[in-house]
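Colleague: Sharing a model that was predicted from the sequence below.
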Amino acid sequence: MPDLVPLGEAIKTGNRDDAVRLTQEAIDASVPAQQILDVMVVAMDDVGRKFQRSEIFVPEMLIAARAMKESMAVLEPLLVAAGIKPVAKVIIGTVAGDLHDIGKNLVAMMWKGANFDVIDLGTNVPANKFVEAVQQHQPQLVGLSALLTTTMPAIKITVDALKAADLDVAKIIIGGAPVTQEYADQVGADGYAPDAASAVEVARRLLATAA
């Protein structure tokens, strides 16, 4: 059975070619899909911790997340065949009036790296589209992103719309440059993530309390 340590290192350093090759080699050697996935998730957790300690920065986290994403694309058919389900289903989008997507994309990739099923609604998403998506997909979590102070009110509008729809589901996480824990408390969000690595921790905590 091949050593999976190099796979984890390839993901952490963002070496996409090696990550994909080593994932395929592990599959070809009949390593269980769950075992391969565990190595990937641990690697991305390590990336998140290094980011929080300022040992790496957004570009390094982004290339690691991309390596993880490409490896997951190779592994995914085996996970499905083995009946290994994602930890949770999550919806993410940038709120109405805001076209910024880098932070949102990074959170989405980090959530995928933590084995979440991520439904990305894109940017400039009105509140009713979030409500429709939650009704359709029944996620456990909804992530709302805003980069501009002028679009922060759209977070409250969206949170209010989700609560008014009385959806028996989703915990709501908000984030973005102008967003704070205080604002999250004001608008009634369940969680606040100051960065992409924190978004994984907050999501796991909310899922644990909902269980």
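Modeller: Yep, it's here. Numbering: from 1, shown residues only.
Colleague: Which strand residues bridge the nearest residue to L144 once chain neighbours are set aside?
Modeller: Among residues not flanking L144 along the chain, I174 sits closest, at 4.7 Å (C-beta to C-beta, 6 or more residues apart in numbering). Just so you know, the C-beta spots here come from the backbone N, C-alpha and C atoms, and that holds for glycine as well. I174 has these beta-bridge partners by DSSP bridges: L144, Y192.
Colleague: from memory I174 sits against G188, does it?
Modeller: No: contact criterion C-beta atoms under 8 Å: I174 and G188 do not qualify, at 10.0 Å.
Colleague: what is the rounded mean pLDDT of the lengthiest helix in the chain?
Modeller: When the chain is parsed with DSSP state H, its longest helix is helix 58-81. Computed over helix 58-81, the mean pLDDT rounds to 94.
Colleague: For that helix, name the packing helices and strands.
Modeller: Counting contacts by 3 or more C-beta pairs under 8 Å, 6 or more residues apart in numbering; DSSP states H and E, helix 58-81 packs against helix 5-12, helix 16-28, helix 33-52, helix 102-113.
Colleague: Save these as CSV, and put in mean pLDDT and mean neighbour count too.
Modeller: Converted to CSV, the helices and strands packed on helix 58-81 look like this (pLDDT from 0 to 100; neighbours: other C-beta atoms under 10 Å):
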stretch, mean pLDDT, mean neighbour count
helix 5-12, 98, 21
helix 16-28, 98, 18
helix 33-52, 94, 19
helix 102-113, 93, 23
